[in-house]
Structure formats: structure tokens, C-alpha cells
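Enquirer: Provide a 3D model corresponding to the input given below.
(2 chains)
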Amino acid sequence: MGSLLRTELAKQLPRPRTWLTLAFMAFIPMLITVAFALGGTAHAAQSSIANDFLLVATKSGLDMPLAALDATAPFLLVVAASLFAGEAITAEASWGTLRALLSKPISRSRLLASKAIVGTSLIVVACLAVSVFGLISGAIAFGWHPIVTPDAVTFSQEATLVKILVATLYTVISLASLASFSFFISTVTDSTIGAVASGTGLAIVSEILDNIPALGHLRVILPTHYMLAWGELFIQPANWTPMLIGIAVQLPYTIIFCALAWWWFTRKDILS
Amino acid sequence: MYSIIDMYSMQPSSMLQALPVQVNGLVKRFRNGVVAVNGLNLSVESGQVFGLLGLNGAGKTTTLRMLLGLVRPERGIILIFGNPVTPGAPVLKNIGSLIDTPGFVPHLTGLQNLALYWEAAGYGRKSPAIEEAVVLANLEDAIDREVRSYSFGMRQRLGIARALLGSPPLLILDEPTTGLDPKQVREMRSLILKLAAQGKTILLSSHLLNEVEQVCSHAAVIHHGRIVASGSLDDLTRQSNMLYMEVSNSPVASSVLRKAVGVISVHDEGNGIVVELAPWMQRETIPRILLNANIDMTAMMPRRKLEEAFLGMLEENGAEGM
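Expert: Predicted coordinates:
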């Protein structure tokens, strides 16, 4: 397993698409910072507590990673996660290296596991890139002050840093169902675009359904419903329940899609 | 004392004593209903260079993929050195393979590709086996370049180098000369013969009969997923109404034979002559005719090109479009 992990990392890390995606994820929070620095704070009505950070983004540099997570999670991070997960098998198939690898005594389960681990690691790095570069650019532009939420609750810099870390890790978890869906599709198809589009498409469908009030409580099982639930960390006292429900929703999707990926890949005829 | 390559290929003797390839009743039907392989039986003995011949779509590549555990058979038994093949089976370490156009990670160098492949297979990234394979495939000059800059021929050679890593005793090569220019074809042929001389068992598929004729000791003809003929090349080309013979006086012999009843044509070839007989004509009649004309005969053998044999077999088995 160790050798498969090392070889997978050695393949993925030098890839231009890896660096371009991560660089883009680092660039977006800086772009948002510049936009806020030039344009001031937003005034429009927001739909969640996480969205509220767009209202106070210029008050402290520590608001910026939260505003960046809020802005990127529903789409850009979904695309990045779908890319890292969806290319796992399709890239090998399109290079023609999959048949060479699997014609040696290499366990398909281990190969799949190594790709899942490396893909997940890259998704973590992408989410961290958003937070870290949001933090750096925010601190430079708006200073290192305690944050004051729109509800006038103040959090110290240290407490905010911990909450940013939790929010970032929660964002990773909230992408798990979409990424694992792309991962599963990557074992079924040889088309990278198809695998990447599947995760993004699932997110779009989920968002559309989430905006139909008639669905009522059914919306809570949608994979993107609790994506911004980390905003509840910034009320006093913090409300962990939406995040825990969000994790509970992600878990069965992720397990099912990963199990399907394993089931399919270990039985698949390698024709590419 | 073993060389580095020998050490990699050392296996328990009982294992290597078994047939390198033994296939019985192999059947593969794809989800779309296409039966690619239909009751295929095949044996390849140690040291043979075995050609799997067939038209496009005959089932060659599917068969080779099943031998490598890439495709699951619906029915049948595949034994490699006496061990059943399943996906990822340990016995696969004894096989080096080149299936279709060899693929590589484009943004890595040839050397990095080989090293990562070898490491993924459970060996060290800095193994001497890699250097050995690079030298054997004649790739030293290009090995540090990114694969995306390789020509087709270089990729093919890198594919061969990958197949040769660790000097496996069995090589499975799918259309190894496809896409190569004449010079590269000659180099590939020479490499295959060199590997054969080292005692490797080589199973290669091809529809280029000329290539098979020049490198293979044995062959099987596959048609509609079945083996329709198998044996040494001599066996496959034996049943023929063409005879090659070397005689003491070729011009006189040609003249005599042209007048004989049952002889359709006579022409010179190399040091001898080739005689085409009518189907009802007994071969044994020819030496008597020459003897009566006081012509000595030093050699007589069936003369049939593999191509003729191949096409004849397909015709007998009802190939479409023949």
C-alpha cells in the first residue's frame, strides 16, 4: 500500500492540472479580498449565517477566509473536488497506464484505496488553500482584529482561527458525497470530463432541489443542504447540531458511492 | 553465479516446469452480447515464440487480456506456469506484457515512468532491473526526456522496456510492430529473436503474417474466438500442393516437369524450383519423373507461405469476405 501511495503522489503532484487547480483556489480568496478592498462591504440580504461574513468581511482580515469559503464551497470547491476524485481512474485509463499496472500482481482494491487517499488529500489542500490565502490576504488588507459578527458577537483572533480550521475541515467533509460520486463514476467511465461533470452536476441538481420549498424536510437529505452549516459556529453559544447532521448526511452517501466504486472496479474488464 | 536479471526471474523450479500458458475452454461474452472468445484452447510451451494469428476482431487481444487478468472470462481455465490467473494474481509477476499502444504518464520522463511502475509492482524505485531493461530496449539516450516528447517508436520501445522489467520468463506482446516504421520493425524483430535466444517464452499476437513467419516457432490461428489451427510453423504450412525442390539441373528439371501431367506450374526460386501440383496429383510421382530424366534431387519440401496457409484455414472455417 505504501508503494502505491508513493507512486500515486509522484504522479499527481507534478501534474499541471494539480498546481493550476490549487493555484486557482489560492487566487480566488485574494481576488475576493481585492474586490472587497476596492468595493467595500456587501449590503444585500444574505441567506445563511455563513453568508453573513460577506457583510462584515472588511472589518477584520479573519473574516476573509470565511467569506472565501462561503463564496467557493458551493461551486468552485465542488469542481475542484470532483476533478481530484473524478480523475482518479479515468486519468490512468486515458494515459493507457491502467492496463499496464493491473497486468502486474497489484490488488485493485489497494490501487483504488491509494487513489482515494491521494484524491482526498488534494481536496483537503484545496480547501486549506482557500482558507490560508484568504487569511493572509485578509490580514494584509483589513488587519488582524477580533471579528464581530453581524449579530454583534465578538470572537478573539485565537478562537476565530480554531473556528476557521473547523469550518475548513467541515467543508472538506461536506464535499465528500460529491467527490465520492465522481470517484465512483471514474471507475465506470473512461471519460475524465464525464467523471468530473458528474460530481458538479450532482451538486447543481442538489442546489436546485434545495431551493424548492415544497420539498420541505426532504431537503435535509440533499448532499449540499448543510454545506455552509459551519456558520452556526459563529453564534453564541455555537450550535453544532447542523454540522453533525451534515456529517451524518454525508456519511451514507460517501460509504455507498465508495462501496459502488470498489464493487465496480474490482469486477471491471479493463478494456482501455 | 546469477546475473541481476537471472535473480529476478528465479522461481521455484516446479512452477517454471509447468506450461507457461495453458488455456482450456475459454469463453468471453461482453455485456453487449458480443462473444469475443468462444471455447478457446491453447498451450504454449517453454521457450516457444508463439504467434497468435487472426483477423481484426478475431479475439486475439481479448484472449491476451484474459491471460493478464485484465478481463474476466465467462468460462474456462487459464493457467500461467500452472497457476490460475485472476486479477492481481501473484503469478502475474512472471509475465511482461505490451498490450495495445503502450501508455505512460505523459508529464514524467521515461525513467520516472519505469521507476514508478516498478515501485507500484512492489519493487524498489532504484532497481538495477530498470537499467537493464532500458539498455535492452535501446533507450538510453531518451530515457530522461518527458514521455510526451516521445515518438511512437520510442513509446513502443519504452513499452518493451517496461515489459522486460525484472526479466520475466514469459512475455505477452499484442501487435508489437503496429505503427512502427520499417527500421523500427526490424529492430523489434531483432529484439524478439534476441529474447527468444535467451530462453524466454514469447506469446505475441499479430495480423502481420510476414512478421510471425520471421520470428515465431509456433503459431495458432484464431477465428471467431476459436483456435482453428495450431502447431509449429512447419506443421501449419505442410498441407500444400506446392513443392520446393533443389535439383542438379534446374532448367532441365523445369522443362521436364512443365510437360508432366498433373503439374500446373513451375518457377525458379532461390537455389531451387517451386512446383504447383493439381489437387489429385501424388507428390511421390515427382521424384520418379525427375529420376526418369536423370536429374538428381537433393531436397523436396512442401512450399506454402504462412499467408496462404492462414487464408486457407480461414476459408475452410467460413471467414466472411474471403
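
Enquirer: quick one: low-confidence ranges for the chain?
Expert: Picking chain A for this. Across chain A, residues meeting the criterion (pLDDT under 70) sit at A:40-55.

Enquirer: try again with chain B
Expert: Ranges of chain B meeting pLDDT under 70: B:1-17, B:238-240, B:302-305, B:318-322.

Enquirer: Do a quick rundown of the strands in it.
Expert: Remark: strands assigned in chain B by DSSP state E are B:21-29, B:35-44, B:49-53, B:75-80, B:83-84, B:95-98, B:170-174, B:201-206, B:218-223, B:226-232, B:242-247, B:263-269, B:272-277, B:297-302.

Enquirer: just so I know, which of those lies nearest A:M30?
Expert: strand B:95-98 (47.8 Å; C-beta to C-beta). Glycine gets a C-beta too; all of them are placed from N, C-alpha and C.

Enquirer: B:S250 touches B:G272, doesn't it?
Expert: Yes: at 7.0 Å, B:S250 and B:G272 qualify as touching, with contact defined as C-beta atoms under 8 Å.

Enquirer: which one of these two has more residues nearby?
Expert: B:G272 (20 against 17; other C-beta atoms under 10 Å in any protein chain shown).

Enquirer: wait, what's in contact with that one?
Expert: By C-beta atoms under 8 Å, 6 or more residues apart in numbering or on different chains, the contact list for B:G272 reads B:Y244, B:M245, B:E246, B:V247, B:S250, B:A299.

Enquirer: for the biggest helix by length in chain A, which positions count as buried?
Expert: Of all segments of type helix in chain A, defined using DSSP state H, the longest is helix A:108-142. The neighbour-count check on helix A:108-142 (16 or more other C-beta atoms under 10 Å in any protein chain shown) flags A:108, A:111-116, A:118-120, A:122-139, A:141-142 as buried.

Enquirer: Go back to those residues and keep what's next to chain B.
Expert: Among these, the ones lying near chain B by C-beta under 8 Å from any C-beta of the partner chain are A:R108.

Enquirer: Could you report the neighbour count for the residue in the stretch 51-200 of chain A positioned nearest to chain B?
Expert: Per C-beta to the nearest C-beta, A:G96 is where the stretch 51-200 of chain A lies closest to chain B, at 1.7 Å. For A:G96, the neighbour count with other C-beta under 10 Å is 18.

Enquirer: From B:T109, how far out is it?
Expert: According to C-beta to C-beta, to the nearest Å, A:G96 and B:T109 sit 17 Å apart.

Enquirer: Please apply the same query to B:L19.
Expert: To B:T109, B:L19 is 38 Å away according to C-beta to C-beta.

Enquirer: So if I had to pick from those two, which one is more boxed in?
Expert: B:T109 (19 against 16).

Enquirer: Quickly list what that one is bridged to.
Expert: B:E146 (DSSP bridges).

Enquirer: Identify the residues contacting it.
Expert: Contacts of B:T109 by C-beta under 8 Å, 6+ apart are B:I143, B:D144, B:R145, B:E146, B:V147.

Enquirer: Just the buried ones from those?
Expert: Buried residues within these, counting neighbours by 16+ other C-beta under 10 Å: B:I143, B:E146, B:V147.

Enquirer: Please work out how many residues are found near A:A159.
Expert: Counted with other C-beta under 10 Å, A:A159 comes out at 16.

Enquirer: Please identify which helix or strand holds it.
Expert: helix A:157-174 (DSSP states H and E).

Enquirer: for that helix, packing partners?
Expert: helix A:63-72, helix A:108-142, helix A:241-267 (3 or more C-beta pairs under 8 Å, 6 or more residues apart in numbering or on different chains; DSSP states H and E).

Enquirer: can you list contacts of that helix?
Expert: Contact with helix A:157-174 is made by A:62, A:65-66, A:69, A:73, A:77, A:120, A:123-124, A:127-128, A:130-131, A:135, A:144-147, A:155, A:224, A:226-227, A:229-230, A:233-234, A:238, A:243, A:246-247, A:250, as judged by C-beta under 8 Å, 6+ apart.

Enquirer: Run the contact check for the next helix or strand after it versus chain B.
Expert: The helix or strand immediately downstream of helix A:157-174 is helix A:176-188, counting by DSSP H and E. No: judged by C-beta under 8 Å from any C-beta, helix A:176-188 makes no contact with chain B; its nearest approach is 12.2 Å.
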